[in-house]
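Undergrad: Fold the following, please.
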Amino acid sequence: MSAPATAPRAITHRTRGTTHGPITRLMSPGDLGQVLKPFIFLDLVHFQPGAAQQGFGMHPHSGIATVTFLSEGDVRYEDSTGQAGLLPAGGVEWMRAGNGVWHTGAPVGDTAGRGFQLWVALPAALENAPAHSQYLAPELVPQVGPVRVLLGEYGAVHSPVAAPEGMTYLAVQLAQGERWTYTPPPGHTVAWAAVATGALTAGEPIAAGELVAFEPTHQSIDFVATQATRFVLGSAVPHPHELVMGTYSVHTSQAALRQGTTEIRRIAGQLRQAGRLG
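TA: I've put the predicted structure just below:
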């Protein structure tokens, strides 16, 4: 007698977020970020060539790391650690804000841009560490079959990004009808997926522009692309701390937030003196 089929891992939350111009905010620290921490913020971005006011002006962060990945289009970046350049489509920007950083980005060229910006809450040991930025060219992002490993590990493959242990972030591209199963690493009970283009099923349909959160178990997740699809998936060991929020910052305590806010102000003074901040 064959073993009974295992029920799909249940979807517990789904959202289409809120859209303002080229940005759809799918998750923030005040809503699904509470459920999916250390993943606390996710924007789906869709830039149009030549449109005005599509960039992110120079702005600060502390206590978190930001991860930018565009599957289409290029972005110009600059940050207060001294880094500046062009992030081409398929590359990864990892910005560990730590104790405080300012950065900016804007689309360039005449190609539409589509992708995601993610925030992750840092562990207490890193939330006030020095800022650190890392930029991976597309050819440096490991790929296994349909999967690009943006953070963490997938099978035997590890991303070169110096992210904290216990989290994985993948970009997946499936052809129509293609199946793919994700088996999370040990301890990764947090899991979610967000679809940029196309459509999937994972026990239930998931449409383009949707983010879904899965029940907090160790169970694998089976995906089937009902159309040619690009999506991202995150899994992690749960973040054990409360989220203490500032305007652009998320920390584990009020004391850590105050320290980060002080550093943000100090950097702002330097940027103004250098003429890089109005």
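
Undergrad: Excluding chain neighbours, what is closest to residue 157?
TA: Closest residue to residue 157 in three dimensions, ignoring its sequence neighbours and counting by C-beta to C-beta, 6 or more residues apart in numbering: residue 142, at 4.7 Å. To be clear about C-beta, it is placed using only N, CA and C from the backbone, and glycine gets the same treatment.

Undergrad: residues contacting that neighbour?
TA: 148-149, 154, 157-160 (C-beta atoms under 8 Å, 6 or more residues apart in numbering).

Undergrad: Report the separation between it and residue 216.
TA: Distance, residue 142 to residue 216, using C-beta to C-beta, to the nearest Å: 27 Å.

Undergrad: Next: residue 264.
TA: 33 Å.

Undergrad: Other residues contacting whatever helix or strand residue 94 lives in?
TA: Per DSSP states H and E, residue 94 falls inside strand 92-96. Here strand 92-96 makes contact (C-beta under 8 Å, 6+ apart) with 61, 65-69, 75, 77, 79, 87, 101, 103, 105, 122, 126, 129, 131-136, 141, 150-151, 159, 161-163.

Undergrad: so how far is it off the chain centroid?
TA: Per C-alpha atoms, centre = their mean, to the nearest Å, the displacement of strand 92-96 from the mean C-alpha position of its chain is 9 Å.

Undergrad: what helices or strands is the next helix or strand after it leaning on?
TA: As assigned by DSSP H and E, the chain's next helix or strand after strand 92-96 is strand 101-108. In terms of contacts (3 or more C-beta pairs under 8 Å, 6 or more residues apart in numbering; DSSP states H and E), strand 101-108 is packed against strand 56-61, strand 74-79, strand 92-96, helix 254-273.

Undergrad: Report the angle between the shortest one and strand 74-79.
TA: Between the direction of strand 92-96 and that of strand 74-79, the angle (axes from the mean of the first three to the mean of the last three C-alpha atoms, to 10 degrees) works out to 20 degrees.

Undergrad: could you give the angle of strand 92-96 to strand 101-108?
TA: Using the same axes, to 10 degrees: strand 92-96 against strand 101-108 is 160 degrees.

Undergrad: Note down every partner strand of strand 92-96 and its orientation.
TA: Paired with strand 92-96 in the same sheet, following DSSP bridges, are strand 64-72 (antiparallel), strand 132-136 (antiparallel).

Undergrad: To residue 198, which of those lies closest?
TA: Judged by C-beta to C-beta, the one of those that comes nearest to residue 198 is strand 64-72, at 11.5 Å.

Undergrad: Just the C-alpha atoms of the closest one, please, in PDB.
TA: Extracted C-alpha coordinates of strand 64-72, given in PDB (Å, rounded to 0.1, in the frame of the first residue of the first chain):
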ATOM      1  CA  ILE A  64      18.900  46.400   9.400                       C
ATOM      2  CA  ALA A  65      20.300  45.200   6.100                       C
ATOM      3  CA  THR A  66      18.800  45.900   2.700                       C
ATOM      4  CA  VAL A  67      19.000  43.600  -0.200                       C
ATOM      5  CA  THR A  68      18.300  44.800  -3.700                       C
ATOM      6  CA  PHE A  69      17.800  42.400  -6.700                       C
ATOM      7  CA  LEU A  70      16.500  43.400 -10.100                       C
ATOM      8  CA  SER A  71      15.800  40.700 -12.700                       C
ATOM      9  CA  GLU A  72      15.400  43.400 -15.300                       C
END
